[in-house]
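[1] got a sequence here, can you build the structure:
(one chain, ligands or ions: 1)
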Amino acid sequence: AEVVIVENAEAAGALVAAEIVELIDGRPDAVLGLATGSTPLPVYKALREKLAGRDVSQVRGFALDEYVGLDPAHPESYRSVITREVVEPLGLDPRRIHVPNGAQETIQHAGDDYETAIEAAGGVDLQILGIGTDGHIGFNEPGSSFASRTRVKTLTVQTREDNARFFDSIDDVPKHCITQGLGTILRARHLVLLAFGEGKAQAVADAVEGPLSAILPGSAIQLHPHATVVVDEAAASRLK
Ligand code: F6R
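    Now for the predicted structure:
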(Lines give C-alpha, C1' and ligand atoms only; values in the text may rest on other atoms or scores of the structure.)
Protein backbone atom coordinates (compact mmCIF):
# COMPACT_ATOMS: atom_id res chain seq x y z
CA ALA A 1 0.00 0.00 0.00
CA GLU A 2 1.00 3.59 -0.51
CA VAL A 3 1.23 5.29 2.89
CA VAL A 4 0.53 9.02 3.13
CA ILE A 5 1.30 10.68 6.45
CA VAL A 6 -0.64 13.88 7.02
CA GLU A 7 -0.65 16.56 9.70
CA ASN A 8 -4.05 15.74 11.15
CA ALA A 9 -7.49 14.29 10.47
CA GLU A 10 -8.66 17.50 8.84
CA ALA A 11 -5.83 17.34 6.29
CA ALA A 12 -6.67 13.70 5.61
CA GLY A 13 -10.29 14.66 5.05
CA ALA A 14 -9.34 17.34 2.54
CA LEU A 15 -7.01 14.98 0.68
CA VAL A 16 -9.48 12.12 0.36
CA ALA A 17 -12.37 14.46 -0.43
CA ALA A 18 -10.35 15.95 -3.30
CA GLU A 19 -9.80 12.44 -4.69
CA ILE A 20 -13.54 11.76 -4.48
CA VAL A 21 -14.42 15.03 -6.22
CA GLU A 22 -12.04 14.16 -9.05
CA LEU A 23 -13.66 10.75 -9.34
CA ILE A 24 -17.16 12.23 -9.50
CA ASP A 25 -16.07 14.88 -12.02
CA GLY A 26 -14.91 12.10 -14.33
CA ARG A 27 -17.78 9.79 -13.56
CA PRO A 28 -20.98 11.45 -12.30
CA ASP A 29 -22.48 8.10 -11.29
CA ALA A 30 -19.36 6.98 -9.41
CA VAL A 31 -19.88 4.25 -6.83
CA LEU A 32 -18.53 5.17 -3.39
CA GLY A 33 -17.84 2.66 -0.63
CA LEU A 34 -18.89 4.34 2.61
CA ALA A 35 -17.50 3.63 6.07
CA THR A 36 -19.16 4.73 9.29
CA GLY A 37 -17.60 5.30 12.72
CA SER A 38 -15.57 8.38 13.65
CA THR A 39 -12.68 8.07 11.21
CA PRO A 40 -14.34 9.06 7.90
CA LEU A 41 -16.19 12.07 9.36
CA PRO A 42 -13.49 14.58 8.29
CA VAL A 43 -13.83 13.26 4.73
CA TYR A 44 -17.60 13.76 4.74
CA LYS A 45 -17.15 17.20 6.30
CA ALA A 46 -14.68 18.27 3.60
CA LEU A 47 -16.98 16.90 0.91
CA ARG A 48 -19.76 19.25 2.07
CA GLU A 49 -17.72 22.23 0.92
CA LYS A 50 -16.04 20.65 -2.09
CA LEU A 51 -19.24 19.20 -3.57
CA ALA A 52 -21.38 22.28 -2.94
CA GLY A 53 -22.85 23.46 -6.24
CA ARG A 54 -21.98 20.24 -8.07
CA ASP A 55 -24.55 17.84 -9.46
CA VAL A 56 -24.32 14.76 -7.26
CA SER A 57 -27.72 13.34 -8.20
CA GLN A 58 -26.18 10.33 -9.95
CA VAL A 59 -23.65 9.37 -7.27
CA ARG A 60 -24.14 5.89 -5.87
CA GLY A 61 -22.92 4.43 -2.60
CA PHE A 62 -22.67 1.25 -0.57
CA ALA A 63 -22.06 1.20 3.17
CA LEU A 64 -19.66 -1.39 4.55
CA ASP A 65 -21.79 -2.78 7.31
CA GLU A 66 -24.79 -2.58 9.61
CA TYR A 67 -25.78 -3.87 13.03
CA VAL A 68 -28.15 -6.83 13.09
CA GLY A 69 -31.39 -6.45 14.99
CA LEU A 70 -31.14 -2.71 15.61
CA ASP A 71 -34.19 -0.77 14.43
CA PRO A 72 -33.12 1.10 11.26
CA ALA A 73 -34.68 4.20 12.82
CA HIS A 74 -32.35 3.92 15.86
CA PRO A 75 -30.02 6.96 15.70
CA GLU A 76 -26.94 4.68 15.79
CA SER A 77 -28.02 2.23 13.10
CA TYR A 78 -25.60 2.68 10.21
CA ARG A 79 -28.61 3.41 8.00
CA SER A 80 -29.32 6.43 10.25
CA VAL A 81 -25.65 7.41 10.44
CA ILE A 82 -25.20 7.31 6.66
CA THR A 83 -28.40 9.33 6.18
CA ARG A 84 -27.33 11.94 8.77
CA GLU A 85 -23.61 12.23 7.95
CA VAL A 86 -23.53 11.58 4.22
CA VAL A 87 -26.82 11.52 2.30
CA GLU A 88 -28.46 14.62 3.77
CA PRO A 89 -25.46 16.96 4.11
CA LEU A 90 -24.13 16.08 0.64
CA GLY A 91 -27.55 16.11 -1.00
CA LEU A 92 -27.22 12.57 -2.40
CA ASP A 93 -30.19 10.65 -3.76
CA PRO A 94 -31.18 8.30 -0.90
CA ARG A 95 -32.44 5.70 -3.40
CA ARG A 96 -28.90 5.32 -4.72
CA ILE A 97 -27.27 4.83 -1.32
CA HIS A 98 -27.37 1.30 0.02
CA VAL A 99 -26.80 -0.06 3.52
CA PRO A 100 -26.89 -3.79 4.29
CA ASN A 101 -30.25 -4.82 5.72
CA GLY A 102 -29.80 -5.88 9.33
CA ALA A 103 -33.44 -6.85 9.91
CA GLN A 104 -33.73 -10.29 11.55
CA GLU A 105 -36.59 -11.39 9.26
CA THR A 106 -34.62 -11.16 6.01
CA ILE A 107 -31.10 -11.77 7.31
CA GLN A 108 -30.85 -15.20 5.60
CA HIS A 109 -30.55 -13.66 2.15
CA ALA A 110 -29.47 -10.11 3.02
CA GLY A 111 -25.79 -10.87 2.31
CA ASP A 112 -26.43 -12.34 -1.14
CA ASP A 113 -28.83 -9.51 -1.94
CA TYR A 114 -26.16 -6.96 -1.09
CA GLU A 115 -23.53 -8.69 -3.21
CA THR A 116 -25.97 -8.73 -6.12
CA ALA A 117 -26.65 -5.01 -5.72
CA ILE A 118 -22.93 -4.16 -5.67
CA GLU A 119 -22.35 -6.25 -8.79
CA ALA A 120 -25.34 -4.69 -10.56
CA ALA A 121 -23.79 -1.28 -9.90
CA GLY A 122 -20.59 -2.42 -11.57
CA GLY A 123 -18.60 -2.58 -8.33
CA VAL A 124 -17.23 0.06 -6.00
CA ASP A 125 -14.89 2.71 -7.46
CA LEU A 126 -13.43 4.06 -4.23
CA GLN A 127 -13.81 2.32 -0.89
CA ILE A 128 -13.29 4.39 2.25
CA LEU A 129 -12.09 2.25 5.15
CA GLY A 130 -11.41 2.78 8.83
CA ILE A 131 -9.72 0.12 10.93
CA GLY A 132 -10.66 -1.28 14.33
CA THR A 133 -8.22 -1.36 17.23
CA ASP A 134 -8.43 -5.16 16.86
CA GLY A 135 -7.52 -4.85 13.17
CA HIS A 136 -10.96 -5.33 11.61
CA ILE A 137 -11.93 -3.64 8.36
CA GLY A 138 -15.63 -3.45 7.72
CA PHE A 139 -16.70 -5.64 10.61
CA ASN A 140 -14.44 -8.47 9.49
CA GLU A 141 -13.10 -9.43 12.87
CA PRO A 142 -9.86 -11.42 13.31
CA GLY A 143 -10.29 -14.84 11.72
CA SER A 144 -12.35 -13.61 8.76
CA SER A 145 -11.60 -15.29 5.44
CA PHE A 146 -9.88 -13.21 2.78
CA ALA A 147 -12.42 -14.66 0.35
CA SER A 148 -15.45 -13.74 2.46
CA ARG A 149 -18.54 -12.04 1.06
CA THR A 150 -21.26 -10.02 2.77
CA ARG A 151 -22.53 -12.05 5.71
CA VAL A 152 -23.46 -12.00 9.38
CA LYS A 153 -20.58 -11.82 11.88
CA THR A 154 -20.27 -11.68 15.66
CA LEU A 155 -18.66 -8.53 17.01
CA THR A 156 -15.70 -9.02 19.34
CA VAL A 157 -15.91 -7.76 22.91
CA GLN A 158 -13.17 -5.26 21.96
CA THR A 159 -15.28 -3.82 19.13
CA ARG A 160 -18.38 -3.63 21.32
CA GLU A 161 -16.36 -1.80 23.98
CA ASP A 162 -14.93 0.56 21.35
CA ASN A 163 -18.42 1.31 20.01
CA ALA A 164 -20.13 1.60 23.40
CA ARG A 165 -19.47 5.36 23.19
CA PHE A 166 -22.30 5.61 20.66
CA PHE A 167 -24.80 3.90 22.98
CA ASP A 168 -26.06 4.36 26.56
CA SER A 169 -24.14 1.30 27.73
CA ILE A 170 -22.20 -1.64 26.30
CA ASP A 171 -25.28 -3.83 26.85
CA ASP A 172 -27.04 -1.79 24.17
CA VAL A 173 -24.34 -2.45 21.54
CA PRO A 174 -25.63 -5.19 19.22
CA LYS A 175 -23.70 -8.47 19.29
CA HIS A 176 -24.03 -9.18 15.59
CA CYS A 177 -23.54 -7.31 12.38
CA ILE A 178 -23.80 -7.81 8.64
CA THR A 179 -20.66 -6.75 6.83
CA GLN A 180 -19.11 -6.76 3.40
CA GLY A 181 -16.53 -9.54 3.36
CA LEU A 182 -12.81 -9.06 2.86
CA GLY A 183 -13.32 -10.57 -0.60
CA THR A 184 -16.02 -7.98 -1.30
CA ILE A 185 -13.81 -5.12 -0.13
CA LEU A 186 -10.86 -6.34 -2.21
CA ARG A 187 -12.99 -6.06 -5.36
CA ALA A 188 -13.29 -2.28 -5.03
CA ARG A 189 -11.09 -0.51 -7.56
CA HIS A 190 -9.35 1.76 -5.06
CA LEU A 191 -9.07 1.28 -1.29
CA VAL A 192 -8.47 4.31 0.92
CA LEU A 193 -7.86 3.35 4.55
CA LEU A 194 -7.75 6.15 7.11
CA ALA A 195 -6.55 5.95 10.71
CA PHE A 196 -5.79 8.56 13.35
CA GLY A 197 -4.27 8.36 16.81
CA GLU A 198 -1.97 6.13 18.81
CA GLY A 199 -4.75 3.61 19.44
CA LYS A 200 -4.69 2.61 15.77
CA ALA A 201 -0.88 2.40 15.42
CA GLN A 202 -0.57 -1.37 15.89
CA ALA A 203 -3.55 -2.13 13.63
CA VAL A 204 -2.02 0.09 10.91
CA ALA A 205 1.42 -1.53 11.22
CA ASP A 206 -0.19 -4.99 11.02
CA ALA A 207 -2.26 -4.00 7.99
CA VAL A 208 0.62 -2.44 6.07
CA GLU A 209 3.62 -4.50 7.16
CA GLY A 210 2.31 -7.49 9.09
CA PRO A 211 2.15 -11.02 7.75
CA LEU A 212 -0.82 -11.77 5.50
CA SER A 213 -3.10 -13.45 7.98
CA ALA A 214 -6.80 -13.89 8.64
CA ILE A 215 -5.91 -13.00 12.25
CA LEU A 216 -4.96 -9.54 10.93
CA PRO A 217 -7.92 -8.72 8.66
CA GLY A 218 -6.40 -5.36 7.69
CA SER A 219 -3.46 -7.20 6.13
CA ALA A 220 -5.85 -8.13 3.28
CA ILE A 221 -5.15 -4.69 1.79
CA GLN A 222 -1.65 -5.97 0.89
CA LEU A 223 -3.36 -8.10 -1.77
CA HIS A 224 -4.88 -5.04 -3.42
CA PRO A 225 -3.11 -3.39 -6.38
CA HIS A 226 -4.33 0.12 -5.50
CA ALA A 227 -4.53 0.73 -1.76
CA THR A 228 -3.79 4.08 -0.13
CA VAL A 229 -3.33 4.43 3.64
CA VAL A 230 -3.80 7.96 5.00
CA VAL A 231 -2.62 8.35 8.60
CA ASP A 232 -1.48 10.97 11.09
CA GLU A 233 1.93 10.70 12.80
CA ALA A 234 0.49 8.88 15.82
CA ALA A 235 -1.22 6.19 13.74
CA ALA A 236 1.97 5.83 11.66
CA SER A 237 4.20 5.54 14.73
CA ARG A 238 4.65 1.75 14.59
CA LEU A 239 5.46 1.57 10.88
CA LYS A 240 9.10 0.59 10.25
C1 F6R B 1 -17.39 1.16 10.04
C2 F6R B 1 -16.46 0.03 9.97
C3 F6R B 1 -15.38 -0.17 10.98
C4 F6R B 1 -14.75 1.12 11.49
C5 F6R B 1 -13.77 0.81 12.59
C6 F6R B 1 -13.10 2.05 13.14
O7 F6R B 1 -18.28 1.12 8.95
O8 F6R B 1 -16.58 -0.75 9.07
O9 F6R B 1 -14.38 -0.99 10.43
O10 F6R B 1 -14.14 1.77 10.42
O11 F6R B 1 -14.42 0.13 13.63
O12 F6R B 1 -14.05 2.82 13.81
P13 F6R B 1 -13.75 4.34 14.22
O14 F6R B 1 -13.53 5.07 12.95
O15 F6R B 1 -15.00 4.80 14.92
O16 F6R B 1 -12.54 4.29 15.07
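
[2] go ahead and confirm Arg27 touches Gly122.
    No - using C-beta atoms under 8 Å, Arg27 makes no contact with Gly122, being 10.2 Å away. Every C-beta, even on glycine, is put in place using the N, C-alpha and C of the backbone.

[3] and the gap between the spatially most central residue of the chain and His109?
    Nearest to the geometric centre of the chain sits Ala35, at 2.6 Å (C-alpha atoms, centre = their mean). Between Ala35 and His109 the computed distance is 24 Å (C-beta to C-beta, to the nearest Å).

[4] next one: phi and psi at Phe62?
    Dihedral pair for Phe62: phi -130, psi 120, per degrees, to the nearest 10.

[5] near it, how many other residues are there?
    Per other C-beta atoms under 10 Å, the neighbour tally for Phe62 reads 25.

[6] and it, how far from Asp162?
    23 Å.

[7] check which helices and strands the longest helix seen in the chain sits against.
    Assignment by DSSP state H gives helix 9-26 as the longest helix of the chain. Contact here means 3 or more C-beta pairs under 8 Å, 6 or more residues apart in numbering; DSSP states H and E; on that basis helix 9-26 packs against strand 2-6, helix 41-50, strand 126-129, strand 190-195, strand 227-232.

[8] what's the offset of it from the middle of its chain?
    15 Å (C-alpha atoms, centre = their mean, to the nearest Å).

[9] can you check stretch 56-66 too?
    That offset, for stretch 56-66, works out to 11 Å (C-alpha atoms, centre = their mean).

[10] likewise for stretch 174-194?
    Its chain's C-alpha centre and that of stretch 174-194 lie 6 Å apart, by C-alpha atoms, centre = their mean.

[11] only the buried residues of it, if you could.
    174, 176-194 (16 or more other C-beta atoms under 10 Å).

[12] now, which of the residues you listed lie within strands?
    Within these, residues falling in strands by DSSP state E are His176, Cys177, Ile178, Thr179, His190, Leu191, Val192, Leu193, Leu194.

[13] now Gly111. Nearest residue, chain neighbours left out?
    Sequence neighbours aside, Thr150 is the residue nearest to Gly111 in space, at 4.0 Å (criterion: C-beta to C-beta, 6 or more residues apart in numbering).

[14] let me fix that: Asn8
    Leaving aside its sequence neighbours, Asn8 sits nearest to Asp232 (C-beta to C-beta, 6+ apart; 5.7 Å).

[15] ok, that neighbour to the ligand distance?
    Distance of Asp232 to the ligand, given as C-beta to the nearest ligand atom, to the nearest Å: 13 Å.

[16] what do you get for Thr150?
    From Thr150 to the ligand the distance is 12 Å (C-beta to the nearest ligand atom).

[17] any idea how far that residue is from Ala234?
    Thr150 is 32 Å from Ala234, by C-beta to C-beta.
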